[in-house]
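Asks: predicted coordinates and the sequence they were generated for:
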Amino acid sequence: MRPIRTLRFLPVLLLGLSGCQDALDSVANKVEHPLPAKLVNKMKANDMSTRSPIMMRIFKEEGVLEVWKQKGNGRYDIIASYEICKWSGKLGPKFKEGDRQAPEGYYRIYPYQMNPNSSYYLSFNMGFPNSYDRSHNRTGSNLMVHGACSSAGCYSMTDEQVLEIYGFARDAFKGGQEYFIVEALPFRMTAENMARHRDNEHFEFWKMLKTGYDNFELTRRPPKVDVCERRYVFNQVPQVENASFQANAACPPASMPATLASAYYAYQKTWNQDFIKAVAKFDREEATQIAANEARAEAEARRAEREAEKAARLASTGGPAPAVPVLGLFSTGNPLKALVPGSEPAAANANAQQAAAQAAQTEAGAGQVTPTAANADVPVPTPNPEVAPQVANAGSAPAAQSDKPFWKIWSSN
C-alpha cells in the first residue's frame, strides 16, 4: 500500500499508524469529516462562510488545484491550493476515450457527480464530455478528481488532499450552491505564458479558454459559461428574451454587460501590450540561442577539419615523427634511460663494447678459426691471455656495466 504524508489534523487515534492511507481509513465518516480548524479560521478571517459557494481552478503546467470561495461582498478569494499528485497526458485537451489525456475546459460539478464510495478514496466526476466536447465529437468517461495519487486521464490528489477538497464541495452544496465550476487550464494564462506557447497546435483553443480566465481575473467571480457555434462564450446576456445557447447552433444575439465590457476592453488592451513585449523577449532569446548553437557548430567543424588534416599528414609520412635523441645519449621520453642497464641505449652500448672486444681478440689471435660444422676437426687456438686484455683495454669504450653511478660515468667520459 502506497505510503503518503500523515494528516496533521486527524485525531490522536492515528498515532502508531505507518501510512496516510491507514490513517485515513480510520476516519469514522470521511464523507462528513469536518474541514480542519485552520481552514475554518482562515475562512472566518476572510469574511467567508463555511457554506458559501466555491469554484476550482486547475493548472496542468504548474501542477496546482486551487479552491476559491465566495466572500461577503460576492467576490471570490483563494482559500486553499493543492499540489496535484498526478495528471496524465500532456498540455492540450482530451479528444477520445483511451488517449489518457486529462481534460481542459469549463466543467460544471453537480451534487450527483460527487462519489463518496469511490475506489479512489473520494472523488467527483468532472462531467466530461460537456456540451463543447460533444459538439467536437470528443469521447471519454469517468474523468475525475480523486485520491490515491494515480492517473489515467484524471487529476489525482493524495487522499488527505481530496478529503479537504471533497469537504469544501460538500459544505458549499449544503449551503445551497446548485453547481460549482472547475476551470481546467493548461497553465496560468498570463501574457508571458501565452507567448511562450504561441506556436503550440492548441493555441487557438487556449485563446478561447483565456477569455473565461480573463473574466474571472477581472471580476473575481466565476464566469457565466455557455456554448454555441461549437465554442465557449462567457458572460453573454441574450438580447432576446428566452433565447438559449445551443452548442451546435448559431449564437443568439448577446453581449457582455456594458460595465464589464468596458473593463474587459481596458484589461485586454494592457494584456495585448504585455503579450507583444513577451513575444519580442522570446524572439530575442531564441535568436541568441540560435547564434550560440551556430557558433558551437562552426567551432566543432573547424576542430574536426584540423583533426582530419593532422590525420592526413601522419598518413602521408607513414606515421608519427620519431623522437630525436639528445646528445646521442638521452631519449626524449626519459633521459635517464640512456644509462640504465637493460634500457635500449644501455643495451646498444653493451653490444658495441662486445663487438670491440671480439675485434681485439681477432687481431690478437690472427689465423684462429672458430669451429663450425665444416671445420669441426680444426683445433681452436687458445687466445693469448696477454694480448687480448691489452687490446681490449686499449679501446676507449666503457664497460657494459659499472658499479659507478651514472653521473660519474658521464663526467668521467
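Replies: Received it, and whenever you're ready, just let me know what you need. Just so it is clear, the model here is predicted, and its values are computed rather than measured. Numbering: from 1, shown residues only.
Asks: quick one: low-confidence parts of the protein?
Replies: Residues of the chain that meet the criterion pLDDT under 70 lie in 1-26, 319-413.
Asks: elements contacting the lengthiest helix in it?
Replies: If you go by DSSP state H, the chain has its longest helix at helix 258-316. With contacts taken as 3 or more CB pairs under 8 Å, 6 or more residues apart in numbering; DSSP states H and E, helix 258-316 sits against helix 191-196, helix 203-219. Every residue, glycine included, has its C-beta placed from N, CA and C.
Asks: residue 301 is nearest to which of those helices?
Replies: helix 191-196 (31.6 Å; CB to CB).
Asks: give me the nearest residue to the most centrally placed residue in the chain, chain neighbours excluded.
Replies: The structure's the chain has its C-alpha centroid closest to residue 61; by CA atoms, centre = their mean the separation is 13.2 Å. Leaving aside its sequence neighbours, residue 61 sits nearest to residue 187 (CB to CB, 6 or more residues apart in numbering; 3.8 Å).
Asks: ok, residue 171 touching residue 31?
Replies: No - under the criterion of CB atoms under 8 Å, residue 171 makes no contact with residue 31, lying 11.7 Å away.
Asks: quickly find the element holding the closest residue to residue 79 other than its chain neighbours.
Replies: Among residues not flanking residue 79 along the chain, residue 69 sits closest, at 4.4 Å (CB to CB, 6+ apart). Per DSSP states H and E: residue 69 is located in strand 64-70.
Asks: CA atoms of that strand as CSV?
Replies: Provided in CSV are the C-alpha atoms of strand 64-70 (Å, rounded to 0.1, in the frame of the first residue of the first chain):
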residue,chain,number,x,y,z
VAL,A,64,-1.9,23.1,-8.9
LEU,A,65,-5.5,22.8,-7.9
GLU,A,66,-7.0,25.9,-6.3
VAL,A,67,-10.1,26.2,-4.3
TRP,A,68,-11.8,29.7,-4.3
LYS,A,69,-14.6,30.7,-2.0
GLN,A,70,-17.1,33.5,-2.1
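Asks: and the strands in this protein?
Replies: Ranges of strands within the chain are 54-59, 64-70, 76-83, 86-87, 105-109, 114-115, 123-125, 144-146, 155-156, 180-185, 225-228, 231-234, 237-238, 254-255, based on DSSP state E.
Asks: residue 240: neighbouring residues, count only.
Replies: 9 (other CB atoms under 10 Å).
Asks: residue numbering should commence at 47 henceforth.
Replies: With the count now opening at 47, the last piece we talked about shows up as residue 286.
Asks: could you check how far the residue nearest to residue 107 is from residue 215?
Replies: The spacing between residue 233 and residue 215, counted by CB to CB, to the nearest Å, is 24 Å.
Asks: so for these two, which residue has more residues nearby?
Replies: residue 215 (21 against 16).
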